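**Student:** Okay, sequence plus prediction incoming.
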Amino acid sequence: MVPKLILIINYNKKMNEQKRVVGLGFPSISTNFGDFPIDIAAEIGCEAIKEFLKLHKEFDFKLILTEQDSKVLNVFELKWKEIKDDLEDFKFQTKKGNLLQLKSDLRIECRFIVVETTWRMKPGTNQLSKQIFDALGSKLHEELKRLYPKPGIVGEAYPVKIPKDSDLHKSEGIEQIIFVVSPNMNPSRPDPISLEKAKELLKKTYDSILNAFWELTNGQEYRSITTIKDNVQEVSAFDILMKSASKPSFKISPESSRRTPSKVGSGGWNNVLLPYCQKPEMFPKSEVYYYDNEFVIIFDKYPKAKNHLLVIPRKQIDNIGELKKQNLELVRALKEKGQWVIEKMKQENPKLFFRMGFHAVPSLRQLHMHVISQDFISPSLKNKKHWNSFTTEFFIDVEEIERILEKQGEVKFNKAYYEDLLKSPLKCHLCDAKSIKFIPDLKKHLEEHWNES
DNA sequence: GTTCTAGAAC
DNA sequence: GTTCTAGAAC
């Protein structure tokens, strides 16, 4: 009898490659000065954290709850153990200590920390914020006032960059502070609210914090993370309309949420579109314009024109290179959704006209169709690559993809050829006579076209 | 995809 | 002084 072979599998070392984990340090929100009951706060906090970590599973985030009071930490820890499921332990930890000395005291580096403040965002409203303003001087207050001149709203997050030459940055590795206006139930402080109301707002506060953290870790500039839309009437009517348009048959396959080995180092910036497909409902209306079971339509984070959206199938498809003849129906459905959104946009600004299509060599994973107005007036349009990616052959109309699929059954491009196109000299897409050398001149030229139209 | 930086080119 | 370019880092 032949002895059984024992195979020793050598796991590729790359699987364990060091990745830079991004940290967020935060206190237990509302339980210090807001009089919010700790057990309920822990439940709300842990649930929000769990939702966030599950949604962004492929990212190595570590969320560090830091408090001086071990009692609070214990309550959170117990709650977390109860609900954490299969989430890795390092992703959420509780630490006894000072949020501003995580690195020097505990060797934990958090590039972002959360500090509670009041609606006035005044310095020194609590001990932690006092320490921060002591450390950073009046500059931080000025910066806060500059960025957020309006009063803070309860439940919202307000990130601020801190100076690179400050001790907090140099010795503690803190890059940004996310100020939050947290709900208050303390009757000795102004405007205490009921537990019911506070519960709702605490959840919103955690969501805002995590949303801000998510945006900041993807190379965003800081800005107020607003989730409020005051016209509730309009939103709900819109939702109803959307629901009736959706088809209930489609389910996301479990594979679509599997961990994808990131081609790039840490963070996985090229995967940023995936969470929108997995859980579009988690994102504010300012990011997700529409979703149903099959598609998500989001606002491009760096719009290259007055209107720039992405229509994305929720089913996992990396790029146009994966499309086969049997995907023709999907491409046509993308086009239809695109046409629908163009109509919507035109209702608000009839001057606009649009193109919809794909980049020949996209940077981001997950098939996405650009729907972009042809004014190209936007501060995010900054360089030649941006311009050429929408105005040369590099941009492929959806109809062209349709034709290629019909004829050839697949879409295969010469990558080098298309990448070279991005270096072409600047040329106006409307009047071919004029040759323009510099981006600032092009932008002025585009403004003229817009004003004439 | 973006930001940041340094150096070159204008 | 301004703008572009290219590369690294995220």
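**Tutor:** That came through, no problem.

**Student:** CA atoms for contacts and neighbours, from now on please.
**Tutor:** Noted.

**Student:** Tell me how many other residues crowd A:Y418.
**Tutor:** The tally of other residues near A:Y418 (other Cα atoms under 10 Å) stands at 18.

**Student:** Please apply the same query to A:L334.
**Tutor:** A:L334, neighbours per other Cα under 10 Å, totals 24.

**Student:** swap in A:K285?
**Tutor:** Counted with other Cα under 10 Å, A:K285 comes out at 17.

**Student:** Could you check how far it is from A:K346?
**Tutor:** Using Cα to Cα, to the nearest Å, we find A:K285 at a distance of 19 Å from A:K346.

**Student:** now do A:H386
**Tutor:** From A:H386 across to A:K346, the span is 24 Å (Cα to Cα).

**Student:** Ok, A:T117 next?
**Tutor:** Distance check for A:T117 against A:K346: by Cα to Cα, it reads 41 Å.

**Student:** Tell me which of these two has more neighbours.
**Tutor:** Per other Cα under 10 Å, whichever of A:T117 and A:K346 has more neighbours is A:T117, with 23 against 15.

**Student:** which residues touch the more buried one?
**Tutor:** Contacts for A:T117 (Cα atoms under 8 Å, 6 or more residues apart in numbering) come out as A:125-126, A:129, A:179-182.

**Student:** which phi and psi does it have?
**Tutor:** For A:T117, the backbone dihedrals (degrees, to the nearest 10) come out as phi -140, psi -180.

**Student:** average model confidence for stretch A:392-406?
**Tutor:** Per-residue pLDDT values over stretch A:392-406 give a mean of 97.

**Student:** mind listing what's buried in that stretch?
**Tutor:** A:392, A:394-398, A:401-402, A:405 (16 or more other Cα atoms under 10 Å).

**Student:** which among the residues you listed gets closest to DNA strand C?
**Tutor:** When the buried residues of stretch A:392-406 are ranked by distance to DNA strand C (Cα to the nearest atom of the strand), A:T392 comes first, at 15.5 Å.

**Student:** What's the separation between that closest one and DNA strand B?
**Tutor:** Distance, A:T392 to DNA strand B, using Cα to the nearest atom of the strand, to the nearest Å: 13 Å.

**Student:** before we move on, what about A:A198?
**Tutor:** As judged by Cα to the nearest atom of the strand, A:A198 and DNA strand B stand 35 Å apart.

**Student:** and if you look at A:T66?
**Tutor:** With Cα to the nearest atom of the strand as the criterion, A:T66 and DNA strand B are 28 Å apart.

**Student:** What is the host helix or strand of that residue packed up against?
**Tutor:** Per DSSP states H and E, A:T66 falls inside strand A:61-67. If contacts are counted by 3 or more Cα pairs under 8 Å, 6 or more residues apart in numbering; DSSP states H and E, strand A:61-67 sits against strand A:22-26, helix A:70-83, strand A:92-96.

**Student:** same thing but 7 Å
**Tutor:** strand A:22-26, strand A:92-96 (3 or more Cα pairs under 7 Å, 6 or more residues apart in numbering; DSSP states H and E).

**Student:** what's in contact with that strand?
**Tutor:** A:21-28, A:73, A:90-99 (Cα atoms under 7 Å, 6 or more residues apart in numbering).

**Student:** which regions of chain A sit below the pLDDT cut-off?
**Tutor:** Low-confidence segments of chain A (pLDDT under 70): A:1-20, A:219-267, A:433.

**Student:** Map the structural domains onto the sequence of it.
**Tutor:** Following automatic domain parsing, chain A resolves into domains at A:18-217, A:232-251+A:271-452.

**Student:** With DNA strand C in mind, check whether the last one reaches it.
**Tutor:** Yes: Domain A:232-251+A:271-452 lies in contact with DNA strand C when judged by Cα under 7 Å from any atom of the strand; the contacting residues are A:383-384, A:437-440.

**Student:** how about the helices and strands packed on strand A:61-67, which one is nearest DNA strand B?
**Tutor:** strand A:22-26 (14.2 Å).

**Student:** hmm, back to that, which single one of the buried residues of stretch A:392-406 is nearest to A:I312?
**Tutor:** Nearest to A:I312 out of the buried residues of stretch A:392-406 is A:V398 (Cα to Cα; 12.9 Å).

**Student:** which element is the residue nearest to the closest one when sequence neighbours are not counted on?
**Tutor:** Computed as Cα to Cα, 6 or more residues apart in numbering, the closest residue to A:V398 that is not its neighbour in sequence is A:G357, at 4.5 Å. Per DSSP H and E: A:G357 is located in strand A:354-359.

**Student:** for A:I298, same thing?
**Tutor:** strand A:295-299.

**Student:** Show me what that strand is packed up against.
**Tutor:** strand A:288-291, strand A:308-313.

**Student:** if we can go back for a sec, would you list the residues of domain A:232-251+A:271-452 next to DNA strand C in TSV and tack on secondary structure, distance to DNA strand B and neighbour count?
**Tutor:** Below are these laid out as TSV (DSSP: H, G, I helix; E, B strand; the rest coil; distance: Cα to the nearest atom of the strand, whole Å; neighbours: other Cα atoms under 10 Å):
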residue	secondary structure	distance to DNA strand B	neighbour count
A:N383	coil	8	12
A:K384	helix	10	16
A:K437	coil	9	11
A:F438	coil	9	12
A:I439	helix	13	15
A:P440	helix	13	12
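
**Student:** I'd like the residues you listed as TSV, with distance to A:S363 appended.
**Tutor:** Output for these, formatted as TSV (distance: Cα to Cα, whole Å):
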residue	distance to A:S363
A:N383	16
A:K384	16
A:K437	26
A:F438	24
A:I439	22
A:P440	25
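
**Student:** Compare the helices and strands packed on strand A:61-67 and give me the one nearest A:A42.
**Tutor:** strand A:92-96 (11.6 Å).

**Student:** which residues are in contact with that closest one?
**Tutor:** Defining contact as Cα under 7 Å, 6+ apart, one finds that strand A:92-96 is touched by A:62-70, A:73, A:77.

**Student:** report the angle between the axes of that strand and strand A:61-67?
**Tutor:** 30 degrees (axes from the mean of the first three to the mean of the last three Cα atoms, to 10 degrees).

**Student:** mind checking how far A:P362 is from DNA strand C?
**Tutor:** According to Cα to the nearest atom of the strand, A:P362 stands 14 Å off from DNA strand C.

**Student:** how long is stretch A:187-202 from one end to the other?
**Tutor:** One end of stretch A:187-202 sits 17 Å from the other (Cα to Cα).

**Student:** now, which of the buried residues of stretch A:392-406 lie within helices?
**Tutor:** A:398, A:401-402, A:405 (DSSP state H).

**Student:** Of the contacts of strand A:92-96, select the buried ones using a PyMOL command.
**Tutor:** Here is the PyMOL command that selects the buried residues among the contacts of strand A:92-96 (16+ other Cα under 10 Å):
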select buried, chain A and resi 62+63+64+65+66+67+73+77
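
**Student:** Return the member of the contacts of strand A:92-96 nearest to DNA strand C.
**Tutor:** For these, the nearest to DNA strand C is A:K62 (13.8 Å; Cα to the nearest atom of the strand).

**Student:** give the contact list for the nearest residue to the closest one once chain neighbours are set aside.
**Tutor:** Of all residues not flanking A:K62 in the chain, A:K91 sits nearest, at 4.1 Å (Cα to Cα, 6+ apart). The contact partners of A:K91, by Cα under 7 Å, 6+ apart, come to A:61-63.
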